[in-house]
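In: Give me the fold of what follows.
(2 chains)
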Amino acid sequence: AQSVTQLDSQVPVFEEAPVELRCNYSSSVSVYLFWYVQYPNQGLQLLLKYLSGSTLVKGINGFEAEFNKSQTSFHLRKPSVHISDTAEYFCAVSDRGGSNYKLTFGKGTLLTVNP
Amino acid sequence: ETGVTQTPRHLVMGMTNKKSLKCEQHLGHNAMYWYKQSAKKPLELMFVYSLEERVENNSVPSRFSPECPNSSHLFLHLHTLQPEDSALYLCASSQEALVLAVAGELFFGEGSRLTVL
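Out: You can find the predicted model right below:
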């Protein structure tokens, strides 16, 4: 069975500061990894995904994430955040192959960007 | 029209009421999903429909009853709910249910905020 741990439930930062949101996963098989973002009063939207190939994945709005297989991590980073990045961020994992309809989500990290 | 539309956005109901949540997708997708989002908990997958057939029922109590009359519409019928069922219910769609595991992406609606008194 898969599981996802988002190590920080809340991350407050100042505008234009760098940010890293941490995600660790556990799975007995190879995985696909995703980051979703949920802005206030909205549904979730895909930020980026890792399927294969380069371990550094670039997404929308200047975010990127790095897949580290040995540390089973998929941390999300942005070098300079904006007020508009305030949202909840969810890391998710799915098993490669097989009939798997499930994305397993973490509990989310609330990023608050202050002026 | 946005990709995935959910109505109502807010619903308050008593434990003996019967109500329904509606989801409509305008993306031409073949798979639709219901998720439950509760505070401080991971999103919980409730149901998956692929080509209008239910392919996943994730141990959800029978007081929740899904219906998928066609590939564009999904309903969640609610009956004799409990206060702990209060949550944000998210509908999502994807191109194919199986492809999700391979490379797919879920497209979410804005959710229906349910409060059970």
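
In: list the contacts for residue B:8?
Out: Contacts were defined as Cβ atoms under 8 Å, 6 or more residues apart in numbering or on different chains; by that measure residue B:8 touches B:21, B:112. The way it works is simple: take the backbone N, C-alpha and C, and place the C-beta from them, glycine included.

In: Sorry, slip of the keys, the one I care about is residue A:2.
Out: A:25, A:26, A:27, A:31, A:93, A:94, A:95, A:104.

In: rerun that using 7 Å as the cut-off
Out: A:25, A:26, A:27, A:31, A:93, A:95, A:104 (Cβ atoms under 7 Å, 6 or more residues apart in numbering or on different chains).

In: Can you classify the residue nearest to the fourth one when sequence neighbours are not counted as helix, strand or coil?
Out: By the measure of Cβ to Cβ, 6 or more residues apart in numbering or on different chains, the closest residue to residue A:31 outside its immediate chain neighbours is residue A:93, 4.9 Å from it. Put simply, residue A:93 is strand when judged by DSSP: H, G, I helix; E, B strand; the rest coil.

In: How much space separates the residue lying closest to residue B:70 once chain neighbours are set aside from chain A?
Out: Once flanking residues are discounted, residue B:70 sits nearest to residue B:52: 6.3 Å by Cβ to Cβ, 6+ apart. Residue B:52 sits at a distance of 15 Å from chain A (criterion: Cβ to the nearest Cβ, to the nearest Å).

In: count of residues packed around residue B:52?
Out: 16 (other Cβ atoms under 10 Å in any protein chain shown).

In: go on, residue A:17?
Out: Neighbour count of residue A:17, defined by other Cβ under 10 Å: 13.
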